[in-house]
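1. following is a predicted model, sequence given first.
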Amino acid sequence: MVSSPLTARKNARLVLWAIALICCAIEAVLQAADLGVIGSTRWRQLAWQYGAFWAGLLHDWQPNYAAQPIAMFLSYSVLHSGFWHLAGNMAALAGLGSPLLARGIGARSLLGLWLLSAIGGGLAFGVLSASPQPMIGASGPLFGLVGAWKALDWRAARSTGAPLWPIAFWVLILALLNLVLWAVNGGSLAWQTHLGGFAAGWAWALFHSRRRGPAPLC
C-alpha cells in the first residue's frame, strides 16, 4: 500500500520529533543530574565516557565496553554539552527539516539520511582528528540534512538548466562560517564531523534522487 504525500510528510515529521525528543530527554536528565535533583553529578561525565565519540578508540585505546567503538558512531549525536548547545542544534533541526519534507522525503528515507550522516560525521572525525577530547552533538547529521538539501537543489538545477552558482556560493558561505566558528571557539569546533556529515548527506541525496527520478523544484 502506497501512502499519500501528506501521510508521508506527517510520518517524516514524526521522525524529526522523535529525534528531537530523544536529544532533549537525555539533556534534561543530565541537566537535572548536574543540579543534584536526581542521580549523581557524575552522570554527564559518565555519559560522555560511554557515549561520546573518542577518536582514540579507532586506534589503540581500550573501550569501556566491547561495542563502544561501533556504538559511538551514533550515540555521540544525541549527547550535548549543555542547554545552549542543545538549543542551537534543535533550532537547526527545525529549520532544516522543512526543505526536505517539502521534497517528499518519507520517514524511512529521512531516518536513513540521519543515521548515515551521523556515521559519516563520526568517520570523518575519527580519520581527520587526532584530538584526545570527546566529540558530541547532533551537528554531524544536521550537516547531513544540509548536504542532502543542497544536493537535491543541485540536481534539480542541472535538470532544468538553472544556474548552479547560487548553490555553490551557499556551500562556500557555509564553509566560511565553519572557519569563523572554529576560530571563535579556539579550534574546538569539530569541523571534521560537519564535513563528513555534509558529504554523507550529499551522497545519500544523489542515490535517493536516482531511485525516485527527477527532484521536484519548490
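-> Done, it's in. Since this is a predicted model, take the numbers as computed values, not measurements.

2. closest to the centroid, which residue in the protein?
-> Of all residues in the chain, the one closest to the mean position by Cα atoms, centre = their mean is Pro141, 1.3 Å from it.

3. flag every buried residue along the longest helix along the chain.
-> With residue count as the measure and DSSP state H as the assignment, the chain has helix 5-34 as its longest helix. Buried positions in helix 5-34, judged by neighbour count with 16 or more other Cβ atoms under 10 Å: 8-9, 12, 15-16, 19-20, 23, 26-27, 29-31, 33-34. All C-beta spots, glycine's among them, are computed from the backbone N, C-alpha and C.

4. among those, show me the least confident.
-> When these are sorted by pLDDT, the bottom entry is Ala8 at 77.

5. what about the helices in this protein?
-> Taking DSSP H, the helices of the chain run over residues 5-34, 43-51, 68-75, 83-101, 107-128, 139-160, 165-184, 191-212.

6. make TSV from those helices and add distance to Leu58 to it.
-> Listed next are those as TSV, based on distance: least, Cβ to Cβ, whole Å:
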stretch	distance to Leu58
helix 5-34	24
helix 43-51	16
helix 68-75	7
helix 83-101	24
helix 107-128	5
helix 139-160	15
helix 165-184	22
helix 191-212	13
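
7. of those helices, which is nearest His59?
-> helix 107-128 (8.9 Å; Cβ to Cβ).

8. same for the closest one, what does it pack against?
-> Contact here means 3 or more Cβ pairs under 8 Å, 6 or more residues apart in numbering; DSSP states H and E; on that basis helix 107-128 packs against helix 5-34, helix 68-75, helix 83-101, helix 139-160, helix 191-212.

9. buried ones in that helix, by neighbour count?
-> Applying a neighbour-count criterion of 16+ other Cβ under 10 Å, one finds 107, 109-111, 113-126 buried in helix 107-128.

10. tell me where the model's unsure across this protein.
-> Per-residue confidence of the chain (counting by pLDDT under 70) places the weak regions at 1-5, 209-218.

11. mind doing that once more with 90?
-> Scanning the chain for pLDDT under 90 picks out the ranges 1-12, 60, 96-106, 130-131, 155-167, 170, 174, 177-179, 181-189, 206-218.

12. ok, the nearest residue to Leu113 once chain neighbours are set aside - contacts?
-> Nearest residue to Leu113, sequence neighbours excluded (Cβ to Cβ, 6 or more residues apart in numbering): Trp204, at 5.1 Å. If a contact means Cβ atoms under 8 Å, 6 or more residues apart in numbering, then Trp204 has 112-113, 116-117, 144, 147-148, 151 as its contacts.
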